[in-house]
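> Model the following, please.
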Amino acid sequence: MTTGENTVGDVFSAGAEEFHSWSRVLWDPVGEATADVAAPAGGESVLDACCGAGASALPAARAVGAAGRVDAVDLADGLLAIGERRAREEGLANIRFHRHEVTSWPAPGPGYDIVQCGLGVFFFPDMDRDSAALTRMLRPGGRFVVTVWEKG
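Reported below is the predicted structural model:
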C-alpha cells in the first residue's frame, strides 16, 4: 500500500507520536468499542489487523487473558513500537506486535477466533478483496469485526 513514494506504514510511522497523542480521546475509545463488539473471551485467539498503537489489540489482550493470544499486525514501525511499550507497561505477555502486510499474514493452523480491524480497511487497495482475505483467517464460527467512520 503506497501513497506516492511513501507507504502507508511510512506515513504513519513518521507521525506516530502525534497520532498516539490522540489515543486517549479518539483511538482508544474506538478501539475499546471495537473489542467490545468482538467480545473476546478467555483463551481465544485474536488477529488485530491494522493495529496501530494497539487501541483495539490491548483491550482484546486483556479480555483473552493469559490463556489467549493476540497478534497485532501493522505496517507502521513507529506505531508498533508504541503498542509494544503500552503492552509492556500493562504487563500483557499474550500480545505480539508484528510488522507485516496483514492480508498476507500467515494465520495459525486452525485460524483465529476473532479478526478485528478498527479504522483500517479503508487503507486496503481493494477493500472487498482484502477484507475477504481477512475472513479466510478465521476458524469456522469465528467473528469478523470492522470499525469504519460513519459517512457525514
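> drop to CA atoms for contacts and neighbour counts, all remaining ones
Noted.
> mind listing what's buried in stretch 53-70?
Counting neighbours by 16 or more other CA atoms under 10 Å, one finds that the buried residues in stretch 53-70 are 53-65, 68-70.
> what do you get for stretch 34-49?
So for stretch 34-49, counting by 16+ other CA under 10 Å, buried means 34-35, 38-42, 44-49.
> before we move on, the earlier item: of the buried residues of stretch 53-70, closest to residue 80?
Nearest to residue 80 out of these is residue 53 (CA to CA; 5.6 Å).
> That closest one reaches residue 76, doesn't it?
No: with contacts counted by CA atoms under 8 Å, residue 53 stays clear of residue 76, the gap being 9.0 Å.
> got a list of what residue 127 touches?
Listed by CA atoms under 8 Å, 6 or more residues apart in numbering, the contact partners of residue 127 are residue 121.
> Distance of it relative to residue 93?
As for residue 127, its distance to residue 93 is 32 Å (criterion: CA to CA, to the nearest Å).
> Next: residue 144.
Taking CA to CA, one finds residue 144 at 24 Å from residue 93.
> So between these two, which is more surrounded?
Neighbour count, other CA atoms under 10 Å: between residue 144 and residue 93, residue 144 has more, with 21 against 15.
> The more buried one looks like it's in a strand, true?
Yes: counting by DSSP: H, G, I helix; E, B strand; the rest coil, one finds residue 144 located in a strand.
> which SS class is residue 12?
helix.
> And for residue 132, the neighbour number?
With other CA under 10 Å as criterion, residue 132 counts 12.
> what's the spacing between it and residue 141?
For residue 132, the distance to residue 141 - CA to CA - is 15 Å.
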